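[1] can't give you the sequence, but here's the structure:
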């Protein structure tokens, strides 16, 4: 089949050499680990920036020690594989958007326009599968709507829920 594959951020690759090797593999896209978001020295060295997607609003704090375990558990639960471990809430999780904006590796609209796009990045991933509907509205309005229309669009969406 003519499937395309994306390398997921759930691999939690934080070694520079391994990250570059991952980008050089035959993936359509590589979602780079969010811990690289503010490492501009490393990001500038990437040759295939068109294959890289940056996670703009991670809910995990940098270097979260539970992140890989949580990704593995979520993956098993999504595939209906029984798990004996309990999914514990992470104290480092910024699951609400206003908290995610305080995350040191958060990428703002201003960052996209003035830092990442000028050095060649064009692909940005929005995290939201665990967000509440109201938080998802905030995330999408922030990233997808021009500031002068945000209040109007937010109110129209909420009114139509």
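    That came in fine, so what should we check first? Values in this document were obtained by computation on a predicted structure and should not be read as measured data.
[2] residue contacts, the residue positioned nearest the centre of the chain?
    Nearest to the geometric centre of the chain sits residue 55, at 2.6 Å (C-alpha atoms, centre = their mean). By C-beta atoms under 8 Å, 6 or more residues apart in numbering, the residues touching residue 55 are 9, 31-32, 34, 37, 124-125, 127. In this view, the C-beta of every residue, glycine as well, is placed from N, C-alpha and C.
[3] could those residues go into TSV alongside distance to residue 136, pLDDT and secondary structure?
    Shown next, in TSV, are the contacts of residue 55 (distance: C-beta to C-beta, whole Å; pLDDT from 0 to 100; DSSP: H, G, I helix; E, B strand; the rest coil):
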residue	distance to residue 136	pLDDT	secondary structure
9	19	87	helix
31	19	97	strand
32	23	97	strand
34	19	95	helix
37	21	98	coil
124	16	98	strand
125	14	96	strand
127	10	88	coil
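[4] for the residues you listed, which one is nearest residue 49?
    Residue 49 has its nearest neighbour among the contacts of residue 55 in residue 32, at 10.1 Å by C-beta to C-beta.
[5] surely the closest one meets residue 16?
    No: using C-beta atoms under 8 Å, residue 32 is not in contact with residue 16, being 11.0 Å away.
[6] neighbour count winner among these two?
    Between residue 32 and residue 16, residue 32 has the larger neighbour count (other C-beta atoms under 10 Å), namely 27 against 13.
[7] can you give me the helices in the protein?
    With helices called from DSSP state H, the chain shows them at 16-24, 40-45, 67-78, 97-100, 109-111, 133-144, 150-159.
[8] hmm, back to that, just the pLDDT at the residue nearest to the centre of the chain, thanks.
    Per-residue pLDDT puts residue 55 at 96.
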